[in-house]
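Enquirer: Please find the sequence and the predicted model below.
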Amino acid sequence: MINKKFKMEKKGMSEVVTTILMVGLVLALIAIVWNVINNMVSSQIHETEACFGNFDKITINRAYTCYNLPTNETYFSINVEDINLDEIFIVIGSKGVTNSIILSSTITNITGVTNYEDNSSGVIAPAANHGKTYIYAGLKTAPDYIRISPVISGEKCQQSDSFENIEACSSYD
């Protein structure tokens, strides 16, 4: 009779150990899944924080954006409100050809891009609360569109502005 009682207690003990092991395994799996999800969400939050609230603060100034027919040059003007940018990513498309320009916060020589004010080749993105006009000589025809996207805190944000149906300039410089 003592043997029977001992066997029953032993059987009960293995069920407790199994239950504890199962609970430990479930907790370990929850910790792993939480860590993976937390890392994915954290990286998305960083990108969202950099770009949040800045959608309409980088715009194309339509009054100074046009195509100069005699010289085959595109004049485009960008206004930046009260934010600090790393870069501005610009896409200019014409007749199925797409050209990309990256204006950074430091003076850079970009093939085909000059400053409108003095026709110098060292270009820089507009500072906060400023605007700047550029000349782009990389197209043989009038552009179909110009699109801009800011890069803020190392994150490329969604397109902030676009301009289609760019007209010919009314006066030529």
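Expert: Now that the structure is in, tell me what you want to look at. Numbering: from 1, shown residues only.

Enquirer: what's the average pLDDT for stretch 96-110?
Expert: Here stretch 96-110 scores 92 as its mean pLDDT.

Enquirer: Run the chain-centre distance for it.
Expert: 15 Å (C-alpha atoms, centre = their mean, to the nearest Å).

Enquirer: Do me a favour and get the end-to-end distance for that stretch?
Expert: 22 Å (C-alpha to C-alpha, to the nearest Å).

Enquirer: Would you mind listing the buried residues in that stretch?
Expert: If you call a residue buried by 16 or more other C-beta atoms under 10 Å, then stretch 96-110 has these buried ones: 99, 101, 103, 110. The C-beta positions use only the backbone N, C-alpha and C, and glycine is treated the same way.

Enquirer: who's in contact with the spatially closest residue to residue 103 that is not a sequence neighbour?
Expert: The shortest distance from residue 103 to any non-neighbouring residue, by C-beta to C-beta, 6 or more residues apart in numbering, is to residue 125 (4.0 Å). Residues near residue 125 by C-beta atoms under 8 Å, 6 or more residues apart in numbering: 78, 80, 85, 87-88, 103-105, 132.

Enquirer: Any chance of TSV for those, columns secondary structure and distance to residue 167?
Expert: Shown next, in TSV, are these (DSSP: H, G, I helix; E, B strand; the rest coil; distance: C-beta to C-beta, whole Å):
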residue	secondary structure	distance to residue 167
78	strand	18
80	strand	24
85	coil	27
87	strand	28
88	strand	22
103	strand	23
104	strand	29
105	coil	30
132	strand	20
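
Enquirer: Nearest to residue 18, out of the residues you listed: which one, please.
Expert: Checking those against residue 18 with C-beta to C-beta, the nearest one is residue 87 at 58.3 Å.

Enquirer: quick one, phi psi at residue 16?
Expert: Per-residue torsions, residue 16: phi -70, psi -40 (degrees, to the nearest 10).

Enquirer: Closest to the centroid, which residue in the protein?
Expert: Closest residue to the average C-alpha location of the chain: residue 156 at 1.6 Å, with C-alpha atoms, centre = their mean.

Enquirer: In strands, which of the buried residues of stretch 96-110 fall?
Expert: 99, 101, 103 (DSSP state E).

Enquirer: measure the residue nearest to the centre of the chain to residue 97 for me?
Expert: From residue 156 across to residue 97, the span is 22 Å (C-beta to C-beta, to the nearest Å).
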